[in-house]
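Enquirer: Need a 3D model of the sequence below.
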Amino acid sequence: VAALGVDAIWLSPFFTSPMKDFGYDISDYRGVDPIFGTLDDFDALVEKAHALGLRIIIDQVLSHTSDQHPWFAQSRADRTNAKADWYVWADPEADGTPPNNWLAVFGGSAWEWDSRRRQYYLHNFLTSQPDLNLHNRAVQDALLNEVRFWLDRGVDGFRLDACNFYFHDPMLRNNPPFTGESEVPRANPYGFQDHVFDKNRPENLDFLRRVRALMALYPGAMTVGEIGESGERALALMAAYTCGGDKLNMCYSFDFLAPPFSAGHFRRIVERFEAAAADSWPCWAFSNHDVTRHVSRWRGEGRDPGRLARGV
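Expert: Numbering: from 1, shown residues only. Predicted structure coming up:
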């Protein structure tokens with residue numbers, strides 16, 4: 001990899017996990033899942049990479065954990081334990097239905113009933129991925145300690161998964177219907193809502209400042225945030241999350257992960273971002289593990305993918 005001229009490697013989650021979502025359901029932030037190796041293996045990887053001039057960037061999933069994480073096991077035990085408020089819990093409506101209309105990205109209600117607490121818990125993704133309550137300062141502190149653990153092991157940066165999902169509306173207000181053009185296929189009801197209360201909350205900015213303050217203690221360390229949006233809102237969030245030099249270093253959205261492939265589309269997106277955040281540093285991502293790779297996606301009918309990849 002170093003011989004190719006690459007200067008950094010991004011590792012998808014390798015943490016201890018039941019692997020119901022390819023490692024994005026973490027049950028131990030400080031453990032390496034046995035299918036990948038050991039913590040000693042990771043340390044050896046970092047040492048070898050640095051010797052070759054390569055930086056190591058790892059995923060950090062701070063919006064939720066696995067339902068097998070010890071934090072959640074304690075939180076769901078009852079309503080009075082020390083971590084009772086570490087996840088997003090809510091009482092049902094009088095008829096037993098979920099507390100609001102929020103939907104999960106992967107389908108269905110974003111609320112799952114727990115018979116022990118006799119409450120619903122929030123999950124923006126799988127039911128086995130309960131959302132952490134970042135309105136609780138103790139949760140923020142715990143997550144920052146997990147980030148620090150990897151910085152102390154020599155990690156050079158983090159790709160922050162779903163970083164616009166960190167906070168929810170504490171009033172649990174219903175999302176209104178979405179009337180624009182959604183990046184989510186209409187086969188998924190998630191695209192029918194305007195997600196103004198279950199994500200994209202302004203409270204996120206102060207937490208991102210706390211992340212940046214921690215990163216500043218490790219010169220050269222960087223962050224790139226994934227924003228699960230496209231269009232005007234995505235560009236506005238990219239600007240808000242990266243402007244001023246006190247939050248994230250970079251962000252990317254889903255604007256270039258979708259099918260449109262034209263000079264006009266690229267120009268519009270870049271110009272809109274620069275108009276909103278001239279002092280920011282975007283990350284223009286063309287593909288990742290969530291979508292078909294861009295060479296295949298953009299080649300069109302009868303186009304040679306090899307020639308397109310080489311720009312000829």
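Enquirer: Okay, now the unreliable bits of the stretch 51-200 of the chain?
Expert: In the predicted model, the stretch 51-200 of the chain carries pLDDT under 70 at residues 181-186.
Enquirer: Quick one: the helices in it, in order.
Expert: Assigned by DSSP state H, counting those that start in this stretch, the stretch 51-200 of the chain shows helices spanning 70-75, 137-152.
Enquirer: With mean neighbour count and distance to Ser27 added, can I get the ones you listed in JSON lines?
Expert: (C-beta placed from N, C-alpha, C; glycine too.) Formatted as JSON lines, the entries for the helices of the stretch 51-200 of the chain read as follows, by neighbours: other CB atoms under 10 Å; distance: least, CB to CB, whole Å:
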{"stretch": "helix 70-75", "mean neighbour count": "18", "distance to Ser27": "8"}
{"stretch": "helix 137-152", "mean neighbour count": "15", "distance to Ser27": "13"}
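Enquirer: can you tell me which of those helices comes nearest to Gln119?
Expert: Closest to Gln119 of these is helix 70-75 (CB to CB; 10.6 Å).
Enquirer: What distance do you get for Phe273 to Gly264?
Expert: Here the criterion is CB to CB, to the nearest Å. By it, Phe273 lies 15 Å from Gly264.
Enquirer: Who has more neighbours out of these two?
Expert: Counted by other CB atoms under 10 Å, Phe273 and Gly264 do not tie: Phe273 has more neighbours, with 22 against 8.
Enquirer: From what I see, that one and Trp284 are in contact.
Expert: No. With contact taken as CB atoms under 8 Å, Phe273 and Trp284 are classed as non-touching, separated by 9.0 Å.
Enquirer: where along the protein do the strands fall?
Expert: Per DSSP state E, the chain has strands spanning 8-11, 15-16, 28-32, 55-60, 89-90, 111-114, 119-122, 157-160, 222-226, 250-252. These are given in chain order.
Enquirer: ok so, going back, of the helices of the stretch 51-200 of the chain, which is nearest Phe197?
Expert: In this view, the helices of the stretch 51-200 of the chain are compared for proximity to Phe197 by CB to CB, and helix 137-152 is the closest at 19.4 Å.
Enquirer: Tell me which other helices or strands the closest one touches.
Expert: Here helix 137-152 is seen to pack against strand 28-32, strand 55-60, helix 204-215 when contacts are counted using 3 or more CB pairs under 8 Å, 6 or more residues apart in numbering; DSSP states H and E.
Enquirer: hmm, 10 Å instead?
Expert: Applying 3 or more CB pairs under 10 Å, 6 or more residues apart in numbering; DSSP states H and E, one finds that helix 137-152 makes contact with strand 28-32, strand 55-60, strand 157-160, helix 204-215.
Enquirer: angle of that helix against strand 28-32?
Expert: 20 degrees (axes from the mean of the first three to the mean of the last three CA atoms, to 10 degrees).
Enquirer: What is the distance between helix 137-152 and the centre of its chain?
Expert: The chain centroid and the centroid of helix 137-152 are separated by 16 Å under CA atoms, centre = their mean, to the nearest Å.
Enquirer: In CSV, please show the C-alpha coordinates belonging to that helix.
Expert: Written as CSV, here are the backbone C-alpha positions of helix 137-152 (Å, rounded to 0.1, in the frame of the first residue of the first chain):
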residue,chain,number,x,y,z
ARG,A,137,-22.5,14.8,30.0
ALA,A,138,-21.2,11.6,31.6
VAL,A,139,-21.9,9.8,28.3
GLN,A,140,-19.9,12.4,26.4
ASP,A,141,-17.0,12.0,28.9
ALA,A,142,-17.0,8.2,28.6
LEU,A,143,-17.0,8.4,24.8
LEU,A,144,-14.1,10.9,24.8
ASN,A,145,-12.2,8.5,27.0
GLU,A,146,-12.7,5.7,24.4
VAL,A,147,-11.3,8.1,21.7
ARG,A,148,-8.4,8.9,23.9
PHE,A,149,-7.6,5.2,24.4
TRP,A,150,-6.9,4.8,20.7
LEU,A,151,-5.0,8.1,20.4
ASP,A,152,-2.7,6.9,23.1
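Enquirer: which ones are touching Ala221?
Expert: Applying CB atoms under 10 Å, 6 or more residues apart in numbering, we find Ala221 in contact with Arg55, Ile57, Val147, Trp150, Leu151, Val155, Asp156, Gly157, Phe158, Leu214, Met215, Asn249.
Enquirer: And for the residue lying closest to it once chain neighbours are set aside, the neighbour number?
Expert: Leaving aside its sequence neighbours, Ala221 sits nearest to Met215 (CB to CB, 6 or more residues apart in numbering; 4.8 Å). A total of 20 residues lie near Met215 under the criterion other CB under 10 Å.
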